[in-house]
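Undergrad: Here's a sequence, model it:
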Amino acid sequence: RHVPREPFSTGSQGFSPSGTALSLFGTPGKAGFSRRRENREKLRSSLLKNAVVSREPWEALELSVSPEVRELLEERHILDEDLRLCLWEASKSGEGLASEKGTFLARSRRGNVTFWVEYLPRGEIFEIRNAWSHRMTLELIP
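TA: Down below sits the predicted model:
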């Protein structure tokens with residue numbers, strides 16, 4: 001006999017054991033990589049609420065991601081954390097490219113993966129236009 005499971009309570013949004021998100025109105029939708037990671041971080045924070053947990057400076061960056069770009073990020077397995085770190089490193093180093101259409105391009109290397117983020121700054125918010133990654137290292141030979 002099958003007994004349906006209740007979603008786990010996580011405040012305004014619940015998640016079933018299968019990873020399916022339940023919105024405020026109970027409509028199911030697939031929880032993406034970034035959403036699942038954010039939920040794990042929320043759980044960790046709630047479990048460690050009395051402990052002192054240091055936060056990384058890039059975690060405060062606000063992103064705006066359209067549904068189309070979100071779908072691309074999910075297909076490419078790029079997390080919001082990767083985008084934030086890339087944007088933060090580019091802003092601190094001053095490295096990056098500007099296009100004629102007004103967007104900017106930032107890059108960041110994490111381990112053996114290089115991330116590229118095309119974005120448009122909108123005040124304190126970074127509007128993500130595109131992002132991709134690759135696992136190739138280029139070396140200059142003298």
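Undergrad: Which positions in stretch 107-122 come out as buried?
TA: The neighbour-count check on stretch 107-122 (16 or more other CB atoms under 10 Å) flags 107-108, 114-119 as buried. From N, CA and C alone the C-beta is placed, and that goes for glycine too.
Undergrad: just how off-centre is the helix or strand where Arg44 lies within its chain?
TA: Per DSSP states H and E, Arg44 falls inside helix 33-47. Here the centre of helix 33-47 is set off from its chain's centre by 12 Å, with CA atoms, centre = their mean, to the nearest Å.
Undergrad: ditto for stretch 118-126
TA: For stretch 118-126, the distance to the chain centre is 15 Å (CA atoms, centre = their mean).
Undergrad: all strands in this protein, in order from the N-terminus.
TA: Secondary structure of the chain (DSSP state E): strands at 14-15, 20-22, 28-30, 62-65, 97-98, 104-110, 113-122, 125-134.
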